[in-house]
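*Asks:* attaching a predicted model along with its sequence, questions to come.
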Amino acid sequence: MAHEKRPLSPDIQIYRPQLTSVLSISHRVTGIALSIGTLLLVSWLIAAAAGPQVYSAIQGLLSSWLGLFLMFGWTFSLFFHLCNGIRHLAWDAGYGFDLRTIYASGWTVLAASTVLTMAAWFSRLVVMG
């Protein structure tokens, strides 16, 4: 009995990324990013309680270009995960399952996440100078 060497399911190279799959994967990735970012936030709070020397070291890291980049990514992750979570709550309630609404809500999640992130960072610039 000769068996052909063939995949049991369609190969990943056959599929094109779709908005729904990209948002689903991004939701998981932002959840992980939020967990890691929260550890950074907790270390900042612990450093504040530990004293001025430890706090200034952590504050120096967070004020650097790398720290600002990480905080910007954490902020976007927070808003994306929040907006996409609201979208999932609507789905859990049984709303928004037709294809047109799925794509409209997906693009809305991306737009809202971007606008909220920019608004948060703009307000930071206004307050902090």
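*Replies:* In hand now; what should we look at?
*Asks:* okay, P17: pLDDT?
*Replies:* P17 is assigned 86 on the pLDDT scale.
*Asks:* what's around it, how many residues?
*Replies:* Residues lying near P17 (other C-beta atoms under 10 Å) number 8. Using the backbone N, CA and C atoms, a C-beta is placed for each residue, glycine as well.
*Asks:* now it. Its backbone dihedrals?
*Replies:* phi -60, psi 130 (degrees, to the nearest 10).
*Asks:* roughly how far does it sit from S63?
*Replies:* 36 Å (C-beta to C-beta, to the nearest Å).
*Asks:* now swap in A49 and tell me
*Replies:* A49 sits 19 Å away from S63, going by C-beta to C-beta.
*Asks:* so for those two, which sits in the more crowded spot?
*Replies:* The residue with more neighbours, out of A49 and S63, is S63; 12 against 8, by other C-beta under 10 Å.
*Asks:* show me what the helix or strand T38 falls within is packed against.
*Replies:* If you go by DSSP states H and E, T38 is part of helix 19-50. Packing partners of helix 19-50 (3 or more C-beta pairs under 8 Å, 6 or more residues apart in numbering; DSSP states H and E): helix 52-63, helix 65-92, helix 99-128.
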